[in-house]
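# Build the 3D model from these lines:
(chains A and B)
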Amino acid sequence: MANLYEYEPIVGKDVINELELYASKLKNVSVQHINSTAVGGGVAEILIRMVPLLKDLGINAFWDVIKGGEKFFEVTKKMHNALHGQKVLFSQDEMGLFIQTNEMNARDMDLRGDIMFIHDPQPIGLISRKKEIGHKWIWRCHIDFSHPDPFTWNFLKKYIEQYDVSIFSAPAFARELRIPQVLIAPSIDPLSDKNKDLPQDTIDSVLERLKIDKNRPIVTQISRFDYLKDPKGVVQVFRKVRKYIDCQLVLAGGGATDDPEGAKVLAEVQEIAANDPDIFLLLLPPSSDIEINALQRASSVVLQKSLREGFGLTVAEALWKGKPVIASAVGGIPLQIANKYSGLLTHTIEGTAFALKQLLQNPSYGEKLGISGREHIKKNFLITRHLRDYMLLFLSLDHKGEDVVFL
Amino acid sequence: MNRIAKEPFQFLTRQNLTYLLGKKAKNLNALLAGIKEVPVSSIYQHTHHFLEQHEYLSPEPPNDFAYWITNVLQNDALGEEIAGIDLRQFSSLKDIQFRLVEIIENSIQQDPDSANRNVPAGEEFHFMGAQTFVFPTQYIAHDLLEFKQCLQSVSNYSIYYHMFEAPLHQQKDRFCYWIGQSLEDEKLASAFKQLDPYTQTLDNLKHNLVRLVRVRLEGK
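Numbering: from 1, shown residues only, chains lettered A, B, ... in the order given. Next up, the predicted model:
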């Protein structure tokens, strides 16, 4: 795992110096992160990197995981789907199990951080100890909250409003709450396998292995095979464009093998792709970060034509590689792309096809968008900015209601 | 030209934490209502954070309201007018808030129908607020030469604080105030005052500040 000082050549010495400055105000503070899993999933991926970096800065950060049986996690999975807007019914037993498991964890866990940093709904009930033990409590929502199922939302709201502050990833996820809501976007790690610089040889060998022609334009969308990522729409966009411009389409993502809906979506995309030799449908295993990195770097244009999106960090990944990106204006994507400045935002298949033709036929325009896009990601969506926001949030807990805080 | 200052200049730096206010606008009327209601920290957030977050794009687009009105509402004339507000002439955020209200109300009077035209779902304007944290840096200048060296070394966040925020919060933290009061160099102070920070990138602004000091040190 990279240490803090390995980021200096990327973000600059002044950024690292200022992170140290903020951390110097938090020297005696302990921060206990709690989530529901130590491996797998986006939250664990962030914490694996974030906790050691906070420690590098001298903050006493540590991380614990709640315990729960298979049935508990089935309930929390349902809850997750409900928060994404699916209509889900919960039995009394299920809600009872959720409450009991949280109570058991609240009783058994050593809740010892000056700041208790609770991630997502699974451990949300730990807040029941707040009255007894005090401390400052933060609840971080990593989920798209734009259209939550009302029952689930009202159930969770009772817990959320006991916290000192909540964090959401995008403005559209904000809700009416009695506690402050802070906007902290997620981030990418420029030193991870998915984002680090790659030698041209590595990129070429990935293309060769996947039988993609490196001499013709490549248009790529990296995402799960999921209706909400609109892979069929992407194929339609490609067909409209290829009438005029010789190019190839890569749709690459994982997760279909253990996801019944994913397999169905993939089958439907395969059917409409109809063995077109210029359409590459790639089911990648979880350990494919280098391949994804190489595909993004080899692309002429990257698409993210999602119908709904959480934050859509694949956009940040492509922009970080200086690629022109055309993406739907949904979820957190408008935070990452200022339309016509750092990428193009579209709403329809026709609009996306038009934008794609523009970029493929005017590479210098795409290059300009890519340069601005990379700069925007560097300033706003790298892990160092994420660290900064967390430290400011920790400081804010002692300065509620003050617009300007002189430290 | 390297006179010792009466008081040293402490370079500060700053960062913002962004708050979501849970309020959004889907048309111009709702935007106007929101601007009237939100606290001034929200006016600050939306008229200033773009400069920092998209600093590589400056001098345009200069603020969130102008960007949304132009690119989402597609009201180019109003967007241009909002973008053209000379923020330097306002000494308080409340005054900026009044000016925004005045311009939008005028526009709505001229074309009342357009004010209820909704933007596509997902492209609403979300009101946010900001909490600013100001920190002292290790850089302290006792004379103009040291001031130049510090200017070259500090981060853009520090330049941002002294040029954009200090005029709104702590007048004495302004570069031109210290140069005028402590160094008693009115000529350089007025050259600093003349710079419009809102129409250049932070890198350019820093470069221009250093250039002005260098020229002064050379006795010109």
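# can you map out the strands along chain A?
A:30-35, A:60-65, A:115-119, A:136-140, A:165-168, A:181-183, A:218-222, A:248-253, A:279-283, A:301-304, A:325-328, A:344-346, A:404-406 (DSSP state E).
# lowest-pLDDT helix or strand in chain A?
The helix or strand of chain A with the lowest confidence, counting by mean pLDDT, DSSP states H and E, is helix A:260-273 at a mean of 86.
# still on that earlier bit, okay if I get the strands of chain A as JSON lines plus mean neighbour count and distance to residue A:18?
Where you see a C-beta, it was placed from the backbone N, CA and C, and this is true even at glycine. Converted to JSON lines, the strands of chain A look like this (neighbours: other CB atoms under 10 Å in any protein chain shown; distance: least, CB to CB, whole Å):
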{"stretch": "strand A:30-35", "mean neighbour count": "21", "distance to residue A:18": "19"}
{"stretch": "strand A:60-65", "mean neighbour count": "18", "distance to residue A:18": "19"}
{"stretch": "strand A:115-119", "mean neighbour count": "24", "distance to residue A:18": "21"}
{"stretch": "strand A:136-140", "mean neighbour count": "23", "distance to residue A:18": "22"}
{"stretch": "strand A:165-168", "mean neighbour count": "23", "distance to residue A:18": "21"}
{"stretch": "strand A:181-183", "mean neighbour count": "22", "distance to residue A:18": "19"}
{"stretch": "strand A:218-222", "mean neighbour count": "26", "distance to residue A:18": "32"}
{"stretch": "strand A:248-253", "mean neighbour count": "23", "distance to residue A:18": "37"}
{"stretch": "strand A:279-283", "mean neighbour count": "18", "distance to residue A:18": "41"}
{"stretch": "strand A:301-304", "mean neighbour count": "28", "distance to residue A:18": "31"}
{"stretch": "strand A:325-328", "mean neighbour count": "28", "distance to residue A:18": "29"}
{"stretch": "strand A:344-346", "mean neighbour count": "23", "distance to residue A:18": "31"}
{"stretch": "strand A:404-406", "mean neighbour count": "17", "distance to residue A:18": "15"}
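# Which one, of these, ends up nearest to residue B:20?
Residue B:20 sits nearest to strand A:181-183 of all the strands of chain A, at 4.2 Å, using CB to CB.
# report the angle between the axes of the least confident helix or strand of chain A and strand A:279-283?
160 degrees (axes from the mean of the first three to the mean of the last three CA atoms, to 10 degrees).
# Now residue 36. Nearest residue, chain neighbours left out?
No chain specified, so I'll use chain A. Among residues not flanking residue A:36 along the chain, residue A:122 sits closest, at 3.7 Å (CB to CB, 6 or more residues apart in numbering or on different chains).
# To clarify, I was referring to chain B.
Using CB to CB, 6+ apart and skipping the chain neighbours, the partner closest in space to residue B:36 is residue B:101 (5.8 Å).
# Make sure that neighbour is indeed in a helix.
Yes. Under DSSP: H, G, I helix; E, B strand; the rest coil, residue B:101 falls within a helix.
# what about it, distance to residue B:118?
21 Å (CB to CB, to the nearest Å).
# so when I look at residue B:120, I'm seeing a strand, right?
No. The assignment for residue B:120 is coil, going by three-state DSSP, so no strand is present there.
# Next, count neighbours for the closest residue to it other than its chain neighbours.
Closest residue in space to residue B:120, ignoring its immediate chain neighbours: residue A:347 at 6.3 Å, by CB to CB, 6+ apart. Neighbour count of residue A:347, defined by other CB atoms under 10 Å in any protein chain shown: 15.
# if we can go back for a sec, with only the CA atoms kept, save the least confident helix or strand of chain A in CSV.
The C-alpha coordinates for helix A:260-273 follow below in CSV (Å, rounded to 0.1, in the frame of the first residue of the first chain):
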residue,chain,number,x,y,z
PRO,A,260,-28.6,-13.7,-12.3
GLU,A,261,-29.8,-10.4,-13.7
GLY,A,262,-26.2,-9.6,-15.0
ALA,A,263,-26.2,-12.8,-16.9
LYS,A,264,-29.5,-12.0,-18.4
VAL,A,265,-28.4,-8.5,-19.4
LEU,A,266,-25.2,-9.9,-21.0
ALA,A,267,-27.2,-12.4,-23.0
GLU,A,268,-29.4,-9.7,-24.3
VAL,A,269,-26.4,-7.5,-25.3
GLN,A,270,-24.8,-10.5,-27.0
GLU,A,271,-28.0,-11.0,-28.9
ILE,A,272,-28.1,-7.5,-30.3
ALA,A,273,-24.3,-7.4,-30.8
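# which helices and strands does it pack with?
Helix A:260-273 is packed against helix A:231-242, strand A:279-283, with contacts defined by 3 or more CB pairs under 8 Å, 6 or more residues apart in numbering or on different chains; DSSP states H and E.
# So which of the ones you listed is the most surrounded?
Neighbour counts (mean count of other CB atoms under 10 Å in any protein chain shown) averaged over each of the helices and strands packed on helix A:260-273 peak at helix A:231-242, with a mean of 21.
# contacting residues around that one?
A:219, A:221, A:223, A:225, A:247, A:249, A:251, A:265, A:268-269, A:272-273, A:278-279, A:303, A:305, A:307, A:349-350, A:352-353, A:356-357, A:360 (CB atoms under 8 Å, 6 or more residues apart in numbering or on different chains).
# is it true that residue A:407 touches residue B:135?
Yes. With contact defined as CB atoms under 8 Å, residue A:407 counts as touching residue B:135 (5.3 Å).
# Give me the common contacts of those two.
residue A:25.
# Between those two, tell me which one has more neighbours.
A direct count of neighbours by other CB under 10 Å for residue A:407 and residue B:135 places residue B:135 higher, at 20 against 14.
# Tell me who's in contact with residue 163.
Looking at chain A here, since you left the chain open. Counted by CB under 8 Å, 6+ apart, residue A:163 has contacts A:118, A:127, A:137, A:138, A:139, A:179.
# that's the wrong chain, I wanted chain B
Under the criterion of CB under 8 Å, 6+ apart, the neighbours of residue B:163 are B:174, B:175, B:195, B:197, B:205.
# what secondary structure does the last one sit in?
Put plainly, it is residue B:205. For residue B:205, the assignment made with three-state DSSP gives helix.
# So the residue nearest to residue B:120 versus residue B:34, what's the distance?
Distance from residue A:347 to residue B:34, by CB to CB: 24 Å.
# what's the first-to-last distance across stretch A:283-293?
15 Å (CA to CA, to the nearest Å).
# Redo the strands of chain A as CSV? Include distance to chain B and mean pLDDT.
As requested, the strands of chain A are exported to CSV (distance: least, CB to the nearest CB, whole Å; pLDDT from 0 to 100):
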stretch, distance to chain B, mean pLDDT
strand A:30-35, 16, 97
strand A:60-65, 18, 97
strand A:115-119, 15, 98
strand A:136-140, 12, 97
strand A:165-168, 6, 96
strand A:181-183, 4, 96
strand A:218-222, 19, 97
strand A:248-253, 23, 96
strand A:279-283, 28, 95
strand A:301-304, 14, 98
strand A:325-328, 8, 96
strand A:344-346, 9, 95
strand A:404-406, 5, 92
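# List the contacts of stretch A:341-356.
Contacts of stretch A:341-356 (CB under 8 Å, 6+ apart): A:219, A:233, A:236-237, A:240-241, A:301, A:303, A:305, A:315, A:319, A:324-329, A:333-334, A:336-337, A:339, A:358-359, A:369, A:372-373, A:375-376, B:54, B:57, B:61, B:120.
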